[in-house]
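1. Generate coordinates for the sequence data below:
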Amino acid sequence: MTASSFASLPLPAALLENLDSLGYKEMTAIQQQALPLALEGHDLIAQARTGSGKTASFGLPLLLGINPRFFGCQGLVLCPTRELATQVATELRRLARFQPNVKIVVLCGGVSIGPQIASLEHGAHIVVGTPGRIKDHLRKNTLRIDEVQMLVLDEADRMLDMGFTEDIHHIIGHTPEDRQTLLFSATYPDNIQQLSARIQQEPKSVKVESLHTASSIRQAFVLTERDQRLGTLERVLANYNLQQAVIFCNTRQTTEETARHLKDLGYIALPIHGDMEQRERDQVLTCFKQNSANFLIATDVAARGLDVDDLPAVINYELPRDTEVYTHRIGRTGRAGKEGIAISLVSSSEDYKQNAIREQQQADIQLISPVELGNRSLNPQRPAMVTLCLAAGRKDKLRPGDIVGALTAAGGLDGNEIGKIDVMDFVAYVAVPRPRASLALTMLTKGKVKGRAIKARKV
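-> Numbering: from 1, shown residues only. A predicted model of the protein is given here:
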């Protein structure tokens, strides 16, 4: 048994078996440091980036601390966005399989509050949600959190950046003083220290190195000027033959302009920003994660909660204002031992930003001119998959297996052709190979899904 083995922790056999079945073979760095302390009951302030395994770091002690026979809220997880809350709840449900009858409810804005109230009437062991909507439920007396044993603030820095400070303190005022509080943050500015001092009792500090080694992410600055950025972006895509990437912009307007330009070039490019309706943002993120779009053009807040397997590249169309945000952005590529590329377009007036990033990354990041990229032709290739949307979801008792069954009925697709399936509360998304999309859509619309007709469309 190694020190990084989950079996080295005081965990029940059923939980260890479930972890093994889910592919949790060895603890990540944050899990090795955080889990022993959290399991001992300590308050925790942990600095770790997205993709470091932090959900299990708070999820396992959270699940082990609840009483399944009591249907009051015993665990509360606050997240900055609905996307992240949904992602966290999905992973908690997977981790909870060792323990029957654990109910996890997601409470976020952007959707009707009525179904959430109805769900809460039947009780919930764990609530995952955004501060604004949690506060709404407290005001309506549809949620009680006076029995909460563990409070988790996930990506606390982003919640403070988004103006949730007052809401967070209001919510915490409804929880017991003797609760355990775990605070996770990708960055550690002064306001995080102030928040910790107000809401935690003698917290233990854990920090996982957030820098990226040259072996995992190749970083480069490409010199350009504002009126030449789109042309320089084209050269970057052509030089590196990139067919999939997250492209970060600083404003809503720039995301939309950049997406339009890439669409005109023949790519499938999807903008995502905070001004979009929640339903649209859910759909865009799902399409990108299901490999049915080439590029996601995103602002920082809208991309929170984005976790894509094997993302080959991140492009900073505009440098962020904060070096910690740069680290967080590029950390979406080069994961799990894979190599990633991080390209940043920089102007001649941004020397100070370049130097700050080099110092923070402890790396001599090369500055290259557009001419050095050459004049290769763009080669836009349509993504391998197409996403189909079904007008039914978890609330309709729809499961991934039901969708697979409908698609593999006589004359349909082979099971191994079907890509990722995401079942949400009221809709579901399934990825199918592009050449088979028309057949798949026909199977869904003219056949039966779980014994009934369900509307479906290409996204």
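2. so what's I315 bridging to?
-> I247, I343 (DSSP bridges).
3. Look up how far K353 lies from it.
-> I315 sits 16 Å away from K353, going by C-beta to C-beta, to the nearest Å. (Glycine included, C-beta is placed from N, CA and C.)
4. These two: which is more packed in?
-> I315 (26 against 19; other C-beta atoms under 10 Å).
5. And for E83, the neighbour number?
-> E83: 23 neighbours (other C-beta under 10 Å).
6. Just the element for it, please.
-> helix 82-95 (DSSP states H and E).
7. Read off the pLDDT value for R49.
-> At R49, the model reports a pLDDT of 66.
8. coming back round to it: now tell me what touches the helix holding E83 from outside.
-> 18-19, 22, 55-56, 59-60, 62-63, 77, 79, 104-111, 126, 128-130, 154-155, 278, 281-282, 285, 304-307, 424 (C-beta atoms under 8 Å, 6 or more residues apart in numbering).
9. Buried subset of those residues, written for ChimeraX?
-> What follows is the ChimeraX syntax for the buried subset of these, where burial is set by 16 or more other C-beta atoms under 10 Å:
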select :18,19,55,56,59,60,62,63,77,79,104,105,106,107,108,110,111,126,128,129,130,154,155,281,282,285,304,305,306,307,424
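10. Among the contacts of helix 82-95, which ones are in helices?
-> Of the positions in the contacts of helix 82-95, 18-19, 55-56, 59-60, 62-63, 278, 281-282, 285 sit in helices, assigned by DSSP state H.
11. any idea how this protein splits into domains?
-> For the chain, automatic domain parsing gives the domain ranges 6-207, 217-373, 385-458.
12. And the longest one, how far out from the chain middle?
-> A distance of 15 Å separates the centroid of the chain from that of domain 6-207, by C-alpha atoms, centre = their mean, to the nearest Å.
13. And the shortest one, by the same measure?
-> Taking the mean of its C-alpha atoms, domain 385-458 sits 23 Å from the chain's own mean (C-alpha atoms, centre = their mean).
14. Tell me where the model's unsure across the stretch 301-450 of the chain.
-> 302-307, 309, 336-337 (pLDDT under 70).
15. try 80 this time
-> Scanning the stretch 301-450 of the chain with the threshold set as pLDDT under 80 gives 301-310, 324, 335-338, 410-411.
16. Then the stretch 51-200 of the chain?
-> Short version for the stretch 51-200 of the chain, where the test is pLDDT under 80: 51-52, 110, 161-162, 186-190.
17. need the contact list for I418.
-> Neighbours of I418 in contact, by C-beta under 8 Å, 6+ apart: 403-404, 407-408, 430-432.
18. do you know how far it is from A384?
-> Relative to A384, and taking C-beta to C-beta, I418 is found at 13 Å.
19. And the strands in the stretch 251-400 of the chain?
-> 269-272, 295-298, 313-316, 340-346, 366-368, 385-390 (DSSP state E, counting those that start in this stretch).
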